[in-house]
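A.B. asks: quick one, fold the following:
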Amino acid sequence: MITYDRLFIGGSWVEPGDSELLDITSPHDRSVIGRAAQAQPVDVDRAVAAARTSFEAGAWRTTPPAERIAVLRRFNALREREAEKIANLISLENGSAGWFTRAGQPGLTRQADACLKAAEEFGWEETLVPSDPASPVRSVVRREAIGVVAAVIPWNSPFSSATAKIIPALLAGNSVVLKVSPENSLSMGFLAELLERVGLPEGVISVLPADRQTSEYLVSHREVDKIAFTGSTRAGRRIASIAGERLKRVSLELGGKSAAIVLPDADVEQAVAGLKFGSLLNNGESCIAQTRILAPRDRYEEVVTAVKDLVESLKVGDPGDPGTFIGPMIRPDQQERVRGYIRLGIEEGARLVTGGPQIPDGLEKGNYVTPTVFADVDNSMRIAQEEIFGPVLVVIPYDDEDDAVRIANDSEYGLSGGVWSADEGRALAVARRVRTGTVTINGAPVGFDGPFGGFKASGVGREYGAVGLGAYTEYKTITV
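C.D. replies: This is a model prediction of the structure:
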C-alpha cells in the first residue's frame, strides 16, 4: 500500500485542503493499491500563488540558462536511476504491460536529452544584423520566460507527458503547476519526490493530482499565463475557449485516429510485425496508435489475415507478467466504453474478424477487453472516425495511392500515421501528402529532436526539441 497524504506545493509537502484520501485501485483486479490526497481549488490557489511569487522574485527566471540546464540534467539522471521503480508504478496504477513501461524509460532519457541539447543551442539573446547597413539602430531579440505555466496531463503515459512539459517550461525559466490525473497519484507522487531532490528554488514547481473540476479551476486562474495541455479533443476545445477569453498562451496535444498505409509493394509480414507496436502500444490507450490500417484491395485479405493472426497471438493479462503484451483498461468506465465501440462496429455492419465485446476468460475481476479486429470497414463508420482508446483495429480497403491518401486524410484528427513500402522514396512521397503532424516510415520510432503535435482537431502547437522549448518563451525586442 502506497500512501501520499500530503501535496507537493512549491517544493514542499504540505497538508491538503481536504484530508480525505482517494483510493487508487489496480486495473488488473480492482484491489486498492494506494491512497492519495487530491487537490482542491484552495490548493490550486496556494500552488499558483507560490509560482507567481517565485517568478516575480526571479530566483529561477534570472538564473543563467547554463545553470538551469545543469539542474534539469540532474533531474534526468535521478529519473534514470529510478527507471525500474517508475516502470513498476505505472504498470501498477495504469495496467500498462511491463514491456511497455520498461521500454519507455530510455525514451524518457532521449526526450529529455533532446530538450537539453536544444536549450544549449537556443538563441536566448541575439543581436540582429540590420537590413540597412547604414542604419544606426540595432535590434536585440530576447527569448524570455512566459510566467506561470499550468501543465495539465492525462493518465495514459504520465511520465512522458509530464517531462515533455515541465522540462522545457523550467529550462525557459517559468514556474510550473503540474496537474496530474487522480489515477496517476502514485507515480506522480514519486515524480514530486524526484523534483524535491533536485533543489529547485521555493515555489517553482508544484504537482497536484486533481479531478476535472479542479483542473478547470487551474486553467481559468487569473494568475496563470500559459496552459500546456495533453488530453482529449473535447477537453482541449474547452481549454482553448478559456485561453481565448483570457488571452492566455496555450498549447494543446489532443486526440488521434491515425492511419497506417500499407502500400502494394510492402512486406506484409514486416508491416504487421511493426504494427504490433505502432497500433497496440500501451494496451491501445495511446493518442498516436495507428488503429486504421489501410490495405490495397488486391492484398486486402492477406493483410486482414496477418493482422488477425498477430492479435490472436498476443497474451492478454496481468501487466506484471513478463509474457503479457496487452493489459487492462485503466478504469471500468473505459473498459465499458471500448466494449461499447466493439458492439457498435458489429451494429454498423463491419466484419468481426477476431475478438468481440466479451471479457477475456479468467480476467473478469479486472478492466479487461478482448483485442478486436474489424474488416470490411468503411471510413465513414464511427469505429473508423472516433478515437476508441483501446485495442480495437479496423482494416480499410483502398483502390490506389490517391485513394489511400484520401482515406487517411478523411478524419477530423491529424496527429500521427505511418507508411509501409519496399521503396523508401515512394513511402516518403505518400507521407508528404498525409495531413498529420508525425508520419513514420516502415515503423521508424518517433524522434525527439523534431517537433511533435497535431493538425486539425489533434491540437495546437508543438512539443519536443527546440520548437517545444520555444513554446514556453516570449519574444522581446530591444532597439538600441
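A.B. asks: now V250: closest residue in space, sequence neighbours ignored.
C.D. replies: Nearest residue to V250, sequence neighbours excluded (Cβ to Cβ, 6 or more residues apart in numbering): A243, at 3.8 Å. For the C-beta atoms, the positions are set from N, CA and C on the backbone; glycine is no exception.
A.B. asks: what's near enough to touch the most centrally placed residue in the chain?
C.D. replies: Nearest to the geometric centre of the chain sits S161, at 4.8 Å (Cα atoms, centre = their mean). Counting by Cβ atoms under 8 Å, 6 or more residues apart in numbering, S161 touches 153-154, 230.
A.B. asks: what subset of those is buried?
C.D. replies: 153-154, 230 (16 or more other Cβ atoms under 10 Å).
A.B. asks: can I assume the residue nearest to V250 sits in a helix?
C.D. replies: Yes: using DSSP: H, G, I helix; E, B strand; the rest coil, the assignment for A243 is a helix.
A.B. asks: from D449, how far off is it?
C.D. replies: 28 Å (Cβ to Cβ, to the nearest Å).
A.B. asks: these two: which has the busier surroundings?
C.D. replies: Taking neighbours as other Cβ atoms under 10 Å, A243 and D449 compare with A243 leading, 22 against 16.
A.B. asks: so that one is in contact with V219, correct?
C.D. replies: Yes: using Cβ atoms under 8 Å, A243 and V219 qualify as a contacting pair, with a distance of 7.5 Å.
A.B. asks: pull the distance from stretch 326-345 to the chain's centre.
C.D. replies: 20 Å (Cα atoms, centre = their mean, to the nearest Å).
A.B. asks: ignore the last one, stretch 312-321
C.D. replies: Distance, centroid of stretch 312-321 to centroid of chain: 23 Å (Cα atoms, centre = their mean).
A.B. asks: for that stretch, buried residues please.
C.D. replies: 316-319.
A.B. asks: does the residue nearest to the centre of the chain belong to a helix or a strand, and which?
C.D. replies: helix 158-171 (DSSP states H and E).
A.B. asks: which ones are touching the residue nearest to V250?
C.D. replies: Residues in contact with A243 (Cβ under 8 Å, 6+ apart) are 219, 227, 249-250.
A.B. asks: any idea how far V303 is from it?
C.D. replies: Applying Cβ to Cβ to A243 and V303 gives a distance of 42 Å.
A.B. asks: now P328
C.D. replies: P328 is 28 Å from V303, by Cβ to Cβ.
A.B. asks: who has more neighbours, the two?
C.D. replies: Remark: of P328 and V303, P328 carries more neighbours, 32 against 23, as counted by other Cβ under 10 Å.
A.B. asks: distance of that one from T370?
C.D. replies: Counting by Cβ to Cβ, the gap from P328 to T370 is 12 Å.
A.B. asks: R435 now?
C.D. replies: Applying Cβ to Cβ to R435 and T370 gives a distance of 33 Å.
A.B. asks: ok, these two, which is more surrounded?
C.D. replies: T370 (21 against 17).
A.B. asks: contacts only, for that one.
C.D. replies: 316, 342, 355-360.
A.B. asks: name the nearest residue to it, sequence neighbours excluded.
C.D. replies: G355 is the one closest to T370 (Cβ to Cβ, 6+ apart), at 4.5 Å.
A.B. asks: what about the one you found, which SS state?
C.D. replies: strand.
A.B. asks: OK, contacts around it?
C.D. replies: 311, 342, 370-373, 392.
A.B. asks: which one of these sits closest to R237?
C.D. replies: V392 (24.0 Å; Cβ to Cβ).
A.B. asks: touching, that closest one and T291? I think so.
C.D. replies: Yes: at 6.7 Å, V392 and T291 qualify as touching, with contact defined as Cβ under 8 Å.
A.B. asks: in this protein, which helix has the most residues?
C.D. replies: With DSSP state H applied, the helix covering the greatest number of residues in the chain is identified as helix 98-121.
A.B. asks: name the helices or strands packed onto that one?
C.D. replies: In terms of contacts (3 or more Cβ pairs under 8 Å, 6 or more residues apart in numbering; DSSP states H and E), helix 98-121 is packed against helix 65-81, helix 83-94, helix 158-171, helix 465-470.
A.B. asks: and of these, who's closest to P201?
C.D. replies: Nearest to P201, of these and by Cβ to Cβ, is helix 65-81 at 9.6 Å.
A.B. asks: report the inter-axis angle for that closest one versus helix 98-121.
C.D. replies: Per axes from the mean of the first three to the mean of the last three Cα atoms, to 10 degrees, the angle that helix 65-81 makes with helix 98-121 is 170 degrees.
A.B. asks: how is the chain divided into domains?
C.D. replies: 2-254+457-479, 259-448 (automatic domain parsing).
A.B. asks: export those domains to a markdown table and tack on mean pLDDT?
C.D. replies: Converted to a markdown table, the domains of the chain look like this (pLDDT from 0 to 100):
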| stretch | mean pLDDT |
| --- | --- |
| domain 2-254+457-479 | 97 |
| domain 259-448 | 98 |
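A.B. asks: do a quick rundown of the strands in the stretch 201-350 of the chain.
C.D. replies: Taking DSSP state E, counting those that start in this stretch, the strands of the stretch 201-350 of the chain run over residues 205-209, 226-230, 249-253, 259-262, 292-296.
A.B. asks: out of these, which is closest to I2?
C.D. replies: strand 205-209 (12.8 Å).
A.B. asks: what packs against the closest one?
C.D. replies: By 3+ Cβ pairs under 8 Å, 6+ apart, strand 205-209 packs against strand 7-9, helix 41-57, strand 175-180, helix 185-198.
A.B. asks: tell me which of these is the most buried.
C.D. replies: strand 175-180 (a mean of 28; mean count of other Cβ atoms under 10 Å).
A.B. asks: can you list the strands that that strand pairs with?
C.D. replies: strand 148-152 (parallel), strand 205-209 (parallel) (DSSP bridges).
A.B. asks: now do the shared contacts for A243 and V219.
C.D. replies: I227.
A.B. asks: residue contacts, the nearest residue to E82 once chain neighbours are set aside?
C.D. replies: Spatial nearest neighbour of E82, excluding adjacent residues (Cβ to Cβ, 6+ apart): L194 at 6.8 Å. Residues in contact with L194 (Cβ under 8 Å, 6+ apart) are 75, 78-79, 82.
A.B. asks: about what we covered before: so which of the helices and strands packed on strand 205-209 comes closest to R212?
C.D. replies: Closest to R212 of the helices and strands packed on strand 205-209 is strand 175-180 (Cβ to Cβ; 9.9 Å).
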